[in-house]
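Trainee: How does the following fold in three dimensions:
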Amino acid sequence: MKTSRRLRVRLSRTAAVAVLAALPLGVGSVALAGAASAAEPTFVQDSQGRTTDALGGKHRVVNKPDGQADGRSAMAWFVAGQRFTESHHDGCNPYSKTSMETLATTTECPSGQKQKFDWNTDFVVSALASSGLNTTGLSSDLTTFTGLGSGAPYYHHEDTPQYDVVPNPGDLVLWTDPSGKSGAVGVVIDATSASHVKVVIGDINDKIATKWINPATSKVRGNPVTYIVTPADARQ
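Mentor: This next block holds a predicted model:
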């Protein structure tokens, strides 16, 4: 009986490895590799050029009529593919190259990274820059993000919610304190309605967070949604 039980366990493990090996790129083997090197900014896409976010949604870059990539869809594609970054909480800033703060270098961080400050805004700046969108004048002061393109303070129509704004992929959502300077900024990657919006937010407990939110009730770092911005193309 003991030999038979050991054999079953061995066969079960072999079958599990075989299943992982057979999964599409970005689902099995890549997921394990990403988790193993989570301190680095990790971008994952499949063989069709799609990125799969942490909740299973698939994203691809959309081209505009002139044939150039649409910057906002490119940003949604970029942030969706960053889902393994910093999940090991190593205290380093994976987006040091786009940091707007003076950060200390430490041997405890991977090459090219610096000591953690608060990489929430650095993550979004990296996404904007990689997608050809405007980053002019940005700083860790969240009020600087409101002037990136078109946008307006968020307002929830309690009696007529059908008039609430429905964000588009690539829009930015700001959760701020009353001053508008502190809080967090995230990137919209999907929306099925004004009350069901999928966002990706950097540096939530030292990792990338992907979640569905209702902007009317959502809070991040204790702050409500206060602004929604559609970033402008840097070439405009």
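Trainee: lowest-confidence helix or strand of the protein?
Mentor: Among the helices and strands of the chain, helix 29-36 carries the lowest confidence by mean pLDDT, DSSP states H and E, at a mean of 34.
Trainee: Name the next helix or strand downstream of that helix, please.
Mentor: strand 51-52 (DSSP states H and E).
Trainee: what about that next one, distance to the chain center?
Mentor: Offset of strand 51-52 from its chain centre (Cα atoms, centre = their mean, to the nearest Å): 11 Å.
Trainee: Give the next helix or strand downstream of it.
Mentor: Sequence-wise, the next helix or strand downstream of strand 51-52 (DSSP H and E) is strand 58-59.
Trainee: Show me what the helix or strand that that following strand is followed by packs onto, helices and strands only.
Mentor: The C-terminal neighbour of strand 58-59 among helices and strands, as given by DSSP H and E, is helix 71-80. For helix 71-80, the elements it packs on are strand 51-52, strand 58-59, helix 120-130, strand 183-193, strand 223-231, judged by 3 or more Cβ pairs under 8 Å, 6 or more residues apart in numbering; DSSP states H and E. All C-beta atoms are positioned from the backbone trio N, CA, C, and that covers glycine.
Trainee: who's in contact with helix 71-80?
Mentor: 43, 50-53, 57, 59-62, 123, 127-128, 130-133, 168-171, 187-190, 200, 208, 210, 230-231, 233-234 (Cβ atoms under 8 Å, 6 or more residues apart in numbering).
Trainee: one more time with 6 Å, if that's ok
Mentor: 51, 53, 59, 61-62, 127, 130-133, 169-170, 187, 189, 200, 233 (Cβ atoms under 6 Å, 6 or more residues apart in numbering).
Trainee: With stretch 149-167 instead?
Mentor: Counting by Cβ under 6 Å, 6+ apart, 188, 191, 194, 197, 216, 225-232 sit against stretch 149-167.
Trainee: From these, which one has the minimum pLDDT?
Mentor: pLDDT across the contacts of stretch 149-167 is lowest for A232, at 89.
Trainee: ok, for that residue, nearest residue in space, not its chain neighbours?
Mentor: Closest residue in space to A232, ignoring its immediate chain neighbours: G149 at 3.6 Å, by Cβ to Cβ, 6 or more residues apart in numbering.
Trainee: So the one you found versus I228, what's the distance?
Mentor: Remark: distance between G149 and I228 (Cβ to Cβ, to the nearest Å) = 11 Å.
Trainee: More neighbours: which of those two?
Mentor: Taking neighbours as other Cβ atoms under 10 Å, G149 and I228 compare with I228 leading, 23 against 18.
Trainee: Tell me how far the more buried one lies from T52.
Mentor: 25 Å.
Trainee: follow-up on the earlier one: and the contacts of stretch 149-167, which two are the farthest apart?
Mentor: A216 and A232 (26.3 Å; Cβ to Cβ).
Trainee: residue contacts, G180?
Mentor: Counting by Cβ under 6 Å, 6+ apart, G180 makes contact with T143.
Trainee: give me that answer again for 10 Å
Mentor: Contact analysis of G180 by Cβ atoms under 10 Å, 6 or more residues apart in numbering lists D141, L142, T143, T144, F145, T146, P153, L174, N223, T226, Y227.
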